[in-house]
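Sharing a model that was predicted from the sequence below.
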Amino acid sequence: MAPGTPRFDAGRSCLDLLATAYPEERIGTARELAEWIVGAGLVPVGVPLPGVDGCWVAGFRELRLHVDRSVRSGGIAVPPDSLDRINHAARAAAPPAIRAVPGEKGRLKRELAEPPECAALLSLLARDTVDLLTDPLARAAVRECEADGCSLLYLDTSRGRRRRWCSSEVCGNRERVARHRRRIALARS
């Protein structure tokens, strides 16, 4: 995965939002945020997002901070200011309204009823966070990547709950290559 490429493999939108801060800032501009919003599935592909600006970036980054603090607490002793911010965002606006419309060959496709507002999209992410924090099974499945130097969180839905890395293709491959190199180095010595 190329550096700066958004990741959407954490298993929850709110956890995917956390990945935008690692290893570098991935939603630092309005364009990057708009691409992330589409990639995360908060809006259907092709939806114009002309209102995305620096204020949206600041709002998403602020919510990300509070989501991170809350999820890393394991839902226990969540910092009160973070819980207040998440709850406020969850109730501040209704999520964007969707509708089904005919698409190619008569197949239905999802479309937004009107252009999304920042508060509505933040509400989606905040509600996803509330769902995660209040669902004991989902909360118990949150893991931190075991790869050296990676602290991303993900939802472990694997059989037997044995997933070790945020991404098998990224961190898992890096760890397997490092383990292979260590074995070869040991064999040579």
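That came in fine, so what should we check first? Numbers count the residues shown, from 1 in each chain.

Name the SS class of Arg110, please.
strand (DSSP: H, G, I helix; E, B strand; the rest coil).

Any idea what it is bridged to?
Going by DSSP bridges, Arg110 is paired in beta bridges with Ala100.

Provide a list of residues in contact with it.
44, 98-100 (C-beta atoms under 8 Å, 6 or more residues apart in numbering). C-beta here means a position set from N, CA and C on the backbone, and glycine is covered the same way.

Nearest to Arg159, out of the residues you listed: which one, please.
Pro44 (31.5 Å; C-beta to C-beta).

does that closest one really touch Pro115, like I thought?
No - applying C-beta atoms under 8 Å as the test, Pro44 and Pro115 come out as separate, 12.0 Å apart.

returning to what we had before: could you dump the contacts of Arg110 to CSV with distance to Ala89 and neighbour count?
Conversion of these to CSV gives the following (distance: C-beta to C-beta, whole Å; neighbours: other C-beta atoms under 10 Å):
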residue, distance to Ala89, neighbour count
Pro44, 22, 13
Ile98, 19, 12
Arg99, 24, 11
Ala100, 27, 10
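
would TSV of those with pLDDT and distance to Pro80 be doable?
Supplementary listing: these in TSV, determined by pLDDT from 0 to 100; distance: C-beta to C-beta, whole Å:
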residue	pLDDT	distance to Pro80
Pro44	90	36
Ile98	91	33
Arg99	93	38
Ala100	94	41
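
Of these, which is the nearest to Ala126?
Checking those one by one against Ala126 (C-beta to C-beta), the nearest turns out to be Ile98, at 18.0 Å.

got the contact list for that closest one?
Ile98 neighbours (C-beta under 8 Å, 6+ apart): 44, 110-113.
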